[in-house]
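Asker: when you get a sec, could you give me coordinates for this:
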Amino acid sequence: MMAGPAFSAGLEIEVAGEGANGTIKIDLLEDVAPKHVAQITTLAADGQYNGVVFHRVIDGFMAQTGDVQFGADATDMRQAGMGGSDLPDLPAEFSDLAFERGVVGMARSQSPNSANSQFFIMFAPGYFLNGQYTVVGQVTEGMDVVDAIKRGHPRSGAIKGMPDVMKTVTVTE
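Answerer: Residues are numbered from 1 along each chain as shown. Now for the predicted structure:
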């Protein structure tokens with residue numbers, strides 16, 4: 001019998017806003033997506049995720065965040081989701097892990113090798129994403145907080161008013 005993915009690092013995300021308030025704990029899958037995990041933990045350790053909004057939230061699908069370039073200013077959401085970080089985009093690290101509820105995946109543009117800083121957390125299974133997006137982690141605590149994140153437009157996920165925000169993101173062992 002094969003062992004499951006090894007967990008070496010994680011994230012602890014303090015969320016605040018009109019919808020969600022609380023802590024989300026994520027185990028990162030370093031053996032599945034080492035380059036992506038290294039990038040996320042670097043950005044988190046540098047404090048670049050602190051204050052970044054959940055800019056795209058689709059009920060029954062996922063909540064997306066992590067735009068460190070344009071996502072830290074909740075007063076102007078027009079560009080949120082269009083940016084990345086100062087670090088280079090990453091080559092895809094696709095795996096056979098399924099996009100189940102609570103799975104964390106890397107957002108990207110049309111190019112499979114364009115993931116940078118943005119990630120999303122699944123509200124429900126999204127098997128159509130399998131093998132198309134890099135799986136980087138799994139929520140281990142706080143799915144009730146994830147479930148409370150303020151929803152956006154049913155199709156685009158765009159948030160009206162003030163979005164929920166990652167107040168602090170800490171790297172854990």
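Asker: below-threshold pLDDT in the protein: ranges please.
Answerer: 1-8, 74-75 (pLDDT under 70).
Asker: strands along that one, start to end?
Answerer: 9-16, 22-28, 52-53, 56-58, 62-65, 103-106, 119-122, 135-141, 165-172 (DSSP state E).
Asker: any idea which of these gets closest to Asp76?
Answerer: Of all these, strand 52-53 sits nearest to Asp76, with 10.5 Å by CB to CB. C-beta: built from backbone N, CA, C; applies to glycine.
Asker: what does that closest one contact?
Answerer: 65-68, 71-72, 74, 77, 80, 159, 163-166, 169 (CB atoms under 8 Å, 6 or more residues apart in numbering).
Asker: sheet partners, orientation included, of that strand?
Answerer: strand 165-172 (antiparallel) (DSSP bridges).
Asker: buried stuff in the partner strand?
Answerer: 165-166, 168-171 (16 or more other CB atoms under 10 Å).
Asker: do stretch 50-60 as well
Answerer: Across stretch 50-60, burial judged by 16+ other CB under 10 Å covers 50-58.
Asker: stretch 92-101 too?
Answerer: By 16+ other CB under 10 Å, the buried positions in stretch 92-101 come out as 92-93, 95, 97, 99, 101.
Asker: ok so, going back, got the strands of the chain as CSV, with distance to Ala44 columns?
Answerer: Formatted as CSV, the strands of the chain follow (distance: least, CB to CB, whole Å):
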stretch, distance to Ala44
strand 9-16, 6
strand 22-28, 10
strand 52-53, 10
strand 56-58, 20
strand 62-65, 12
strand 103-106, 13
strand 119-122, 11
strand 135-141, 12
strand 165-172, 5
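Asker: how about the closest residue to Pro125 other than its chain neighbours, phi and psi?
Answerer: Leaving aside its sequence neighbours, Pro125 sits nearest to Glu100 (CB to CB, 6 or more residues apart in numbering; 5.2 Å). Glu100 adopts backbone torsions of phi -100, psi 170, taken as degrees, to the nearest 10.
Asker: still on that earlier bit, got CSV for the buried residues of stretch 92-101, with distance to Ile24 too?
Answerer: Formatted as CSV, the buried residues of stretch 92-101 follow (distance: CB to CB, whole Å):
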residue, distance to Ile24
Ala92, 25
Glu93, 22
Ser95, 22
Leu97, 19
Phe99, 17
Arg101, 13
